[in-house]
Every structure is written in C-alpha cells, then in structure tokens.
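**Student:** I'll drop the sequence and a predicted model, then ask my questions.
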Amino acid sequence: MRSFSYKPNNGWVGDVIPYYENGKYYAFYLHDPRNSGDGVYAENTTWHLAVTENGIDFEDMGESIERGDETKPYLNNFTGSVLKDRDGVYHAYFTAFNESYKQDGKAVQSVMEATGRDLLNLKIRQDSRFTADDYIYEMFDWRDPYVFYNEEDRKYWMLLCARRKGEGYHRGGCIALCTSEDLKTWKYEKPFYEPNTHITMECPEIFKMGSWYYLVFSTFSDRFLTHYRKADNLNGPWIIPEEDSFDARCCYAIKTAGTDKERFAFGWIPTRIGMTDYGPWEWGGTMMVHRVEQEDDGDLRILPLPAMDELYCEKGLKEEDVHLSSQGLVSHLISSSQNFLLDAEISSSSSEFGFFLDTDDALENGYQLRVKANTMAWDMWPRKMNTGPYQWQIDGDRPFLVETLRYLKPSNTYKLRIVRAGEAVVVYANDEVALSIRFYGKEGKKMGFYSIGGETVIKRCEMKLQKQ
C-alpha cells in the first residue's frame, strides 16, 4: 500500500511499536478490528506488522503476535517494544490484558514477552508474565514496556507507564523502571521519571541522537499529546523544551525508530464517531509518520518524509507573488483536491492569515487553517452540527478546534507544506512543527489562502498531485 496515512484492509491502527534494522522500519501496531460494538475499542486487539523503508510504501505482513483465548492473560495484546539481544534473539515485550484477571475488583495489566530468531516469527513465552509489585506501583496501570540495554549500568532497563501506589488520581502517573541482567528476571526500582503532572504517561521511550538523550511519552489528562524531554545523560535532569510535543491531539502515542542520521516518528490519526466532523474522537485510526531532526541546542524538529515528494510528483498549479491586502478579509481561491501536496512561502504583516480547504466561494462552509499571534490551529464552519434557534449559538467561545493548537516561533515569514490524502491532512510549518488532522469533507469545492487586516504575500505556491 502506498499512502502517508496507512490503514490495513480489515481494521484500524492503534499504537505503533516501530523497530529499525538494516534500512527497514518494522512498524508493529495494535490492530483493532472494532468488531465488539459501538463505543468499544481495543478489544480483540493484537500486534500486526507493516514494513516500510520510507514511511510511504507499506508491506502488510498480517498478524505478528497471536492473542490468547478467554483463559489466557493475553486475550488482548497492547503496546510494548522490540529489541535484539547480544545473541541475536529478538524480544517483543507487550502489555497483556484480560478483563477477567482482577485484583480488588479491578482488571490487572501485565507484561509478557514473545521471542524469535527473526521478526516474522515471534512466539509468546508462557512463563514470562509479570505484574506491578503492588508496593511501589499500582497493579492497575502497568503497561507499554520499553526495553533497552543500558551500557553504563550493564543491565537491561524497562520503562513502563505506571502509577505510584497510593498517590492521587490526577497526578500519580509516573514512568516506572525495572532492571534485569538476563531479560527474564526483573527487579522493581524507584520511578525513572515522576513529574506529578499527569494521570498516566503512556508509551514511554528512550532514544539518543548525538550527545542528547530523549524521553518520549504520551498523555491524555490535560491534552492528548506526545511529549518529549531532553537530557545529556540518562540520570537527567530532564529539560522541558519550549515546544515539547511532536504533533497535536490528532497524532497520538508517537514512538520513534531509526538512526542518528534518520529517525521517523510513528503515531495514529484518530477517526471520529459516526465518521463525521462533529463526532467525538475515537481510539485508533490510520498511521502517520513524520521525520525527526535535531537542532543545535538539542531541541527536535518535525519535518515531512522525503518520500512525500515521490508520492506527490505530478505537476499542478504554480503561482508567485500573490498579494493579499485589506482592512478585513481577502482571499485567493483555487479548485480543491482530495489528494495534493502544496508548498508555500509566505510573508505576512497581517493580524491573521491562513488557508481555506473545501470551502464555498462565500467562505461560509469549510475548513480554515488559522495562523495568528505565533499559533496555528484548524477551524471549521459551521463549528457544530446544530446551531440552535438563537443567532449566537455558534460555539463562539470555541474560536477554533482547540485540540489542534500549535505554537510557532515568532516570525514574519513562513514556510508551509500542506499534504492531503482523502480524510487525512497534515501541515508542516517552517520545517519545525507538524499538525495532523482528519476531516470528513465539506461540500465546498475551493481552497486557498486568505489574509485579515494587513498584507500577506504568497511569494511562492506550488501544488503537486499524487502520481497515478
């Protein structure tokens, strides 16, 4: 399959567990068939595998780790990690979950392991299950194991999404640490990272680029985001960058894989209930892959995949020096498309500028990318399906899709790349910030740039279409 938003034929993509080796990204992912009824997610879930070299062309390898029956603790297989030991054996650590395994009336999460001599033949070790200790850590949040070999400690380290025993609900989340010398027996250690800021810190990961270590985790308590921290050694202190996220709400549970030269970030763009722009976001969707690079100060930048230019290579519209100037709103529209890549270089002194997608000529119905006061966010009109009998019942207190808000470095010049593949849309700003979203399609047939209160110059705008 060739797409920047991968979806298997018979299900949806949940958390991705990427592993890199010899030029290939093995994108293990949680396959959710969504066959348990409306509003039920991550049931009958197991690991599947899609292999890619460029984040665009995927080979579907099908199920990778089988799930058990009702008697097994791994009735559902959730997030984990993959590593290769010093003897050449692959180890896939995953979260095992079966609602019937309970303690004090609550379902217990546990960790299990599958091993193999190659990544296509992984078999579960039936005796590998272990749970939280119920002393340092709660039994009920014990998931998403990330295992790596710590050269300095000469031990294997496992990071987990966990909670401190007896802590408050909203701030008890932490990243647990267990250590092992043989990948079989694990010792419980004090928390690796404990900021007292979240319910849980999901899908933890550690990687190193250059001289910096990076700690990655995802949260849902204040915002749905994947965050990162940086440090010059594994013991910290862990520095919070000014912009500490990989994407916004609509690319969740991001984990990375690759080398110092090339690193990809894998997440998922959620669907909405009812397949409508007005439905609540769901768990799972389609895979999204970004490229990760490093600034001189160790901060990370999120960029498009190089293969985007191979996917979108049919020449389309090209314009230069389009001036938009007005005391109010002025726009420059062209015909919209379901599949395109648009590159633009923009200079603006306006109060606000941005981009309309699938809008009508009057700009009354459609999607709107708004760039204002060093922020970028999507908006849409109408903002809700039923506006009510009063003129003011239009969600005016929610002036954009707040879950899509992204912060930009102060500038009067902008480089935007907007890429669309049907429902999936991603915006890259200044080769630093990514913003993914899923839209189900307004009826408008136009798209283009706009400006409010000042002057915006589209220095260059080039649109390419997907190669057929």
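**Tutor:** Yes, it's here.
**Student:** pull the CA atoms of stretch 383-398 into CSV?
**Tutor:** Extracted C-alpha coordinates of stretch 383-398, given in CSV (Å, rounded to 0.1, in the frame of the first residue of the first chain):
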residue,chain,number,x,y,z
ARG,A,383,-18.5,24.6,14.2
LYS,A,384,-21.2,22.3,15.3
MET,A,385,-23.9,20.4,13.5
ASN,A,386,-27.0,22.0,15.2
THR,A,387,-26.5,25.7,16.0
GLY,A,388,-29.8,26.2,17.9
PRO,A,389,-32.6,28.8,17.4
TYR,A,390,-30.5,31.8,18.6
GLN,A,391,-28.0,33.6,16.4
TRP,A,392,-25.3,33.4,19.0
GLN,A,393,-25.4,29.6,19.4
ILE,A,394,-22.5,29.0,17.1
ASP,A,395,-19.8,27.9,19.6
GLY,A,396,-18.3,31.4,19.6
ASP,A,397,-16.5,30.6,22.8
ARG,A,398,-14.6,27.9,21.0
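**Student:** ok, and for that stretch, which residues are buried?
**Tutor:** Arg383 (16 or more other CB atoms under 10 Å). All C-beta spots, glycine's among them, are computed from the backbone N, C-alpha and C.
**Student:** check which helix or strand Asp133 maps to.
**Tutor:** If you go by DSSP states H and E, Asp133 is not part of any helix or strand.
**Student:** which ones are touching it?
**Tutor:** With contact set as CB atoms under 8 Å, 6 or more residues apart in numbering, Asp133 has these partners: Tyr188.
**Student:** find me the pLDDT at it, would you?
**Tutor:** With respect to pLDDT, Asp133 scores 96.
**Student:** ok, Asp141 next?
**Tutor:** At Asp141, the model reports a pLDDT of 96.
**Student:** what's the closest non-adjacent residue to it?
**Tutor:** Nearest in space to Asp141, with sequence neighbours left out and distances taken as CB to CB, 6 or more residues apart in numbering, is Arg163 at 4.4 Å.
**Student:** give me the element the one you found is part of.
**Tutor:** Arg163 belongs to strand 155-164, assigned by DSSP H and E.
**Student:** so which bits of that strand are buried?
**Tutor:** If you call a residue buried by 16+ other CB under 10 Å, then strand 155-164 has these buried ones: Tyr156, Trp157, Met158, Leu159, Leu160, Cys161, Ala162, Arg163, Arg164.
**Student:** ok, now stretch 268-281?
**Tutor:** Trp268, Ile269, Pro270, Thr271, Arg272, Asp277, Trp281.
**Student:** same question for stretch 305-318.
**Tutor:** Leu305, Ala307, Met308, Leu311, Tyr312.
**Student:** ok now that stretch, how far from the chain's centre?
**Tutor:** Chain-centre distance of stretch 305-318: 23 Å, with CA atoms, centre = their mean, to the nearest Å.
**Student:** so the residue lying closest to Asp299 once chain neighbours are set aside: helix, strand or coil?
**Tutor:** Nearest non-adjacent residue to Asp299, counting by CB to CB, 6+ apart: Pro241, 4.9 Å away. Assigned with DSSP: H, G, I helix; E, B strand; the rest coil, Pro241 falls in the coil class.
**Student:** contacts for stretch 363-380?
**Tutor:** Stretch 363-380 has contacts (CB under 8 Å, 6+ apart) with 277, 329, 331, 348, 351-360, 381-382, 399-402, 404-410, 414, 418, 427, 429, 433, 435, 437, 439, 442-444, 446, 450.
**Student:** and the residues you listed, which are buried?
**Tutor:** 277, 331, 348, 352-360, 381, 400-401, 404-406, 408, 414, 418, 427, 429, 433, 435, 437, 439, 442, 444, 446, 450.
**Student:** OK, contacts around the closest residue to Leu300 other than its chain neighbours?
**Tutor:** Leaving aside its sequence neighbours, Leu300 sits nearest to Val292 (CB to CB, 6+ apart; 5.7 Å). Shown in contact with Val292 (CB under 8 Å, 6+ apart): Met209, Phe246, Thr256, Gly258, Arg263, Phe264, Ala265, Leu300, Arg301, Ile302, Leu303.
**Student:** rerun that using 7 Å as the cut-off
**Tutor:** By CB atoms under 7 Å, 6 or more residues apart in numbering, the contact set of Val292 is Thr256, Arg263, Phe264, Ala265, Leu300, Ile302.
**Student:** mind listing which of these are in strands?
**Tutor:** Using DSSP state E, the members of the contacts of Val292 that fall in strands are Thr256, Arg263, Phe264, Ala265, Leu300, Ile302.
**Student:** which residue sits closest to the first one in space, ignoring its chain neighbours?
**Tutor:** What it means is Thr256. Spatial nearest neighbour of Thr256, chain neighbours left out: Ala265 (4.8 Å); criterion: CB to CB, 6+ apart.
**Student:** and the last one, by the same measure?
**Tutor:** On the basis of CB to CB, 6+ apart, the spatially nearest residue to Ile302 that is not a chain neighbour turns out to be Ala434, at 4.2 Å.
**Student:** pull the contacting residues for the one you found.
**Tutor:** Phe246, Asp247, His290, Ile302, Val426, Tyr428.
**Student:** buried stuff in stretch 106-120?
**Tutor:** For stretch 106-120, a neighbour-count test (16+ other CB under 10 Å) marks Val108, Gln109, Ser110, Val111, Met112, Glu113, Ala114, Thr115, Leu119 as buried.
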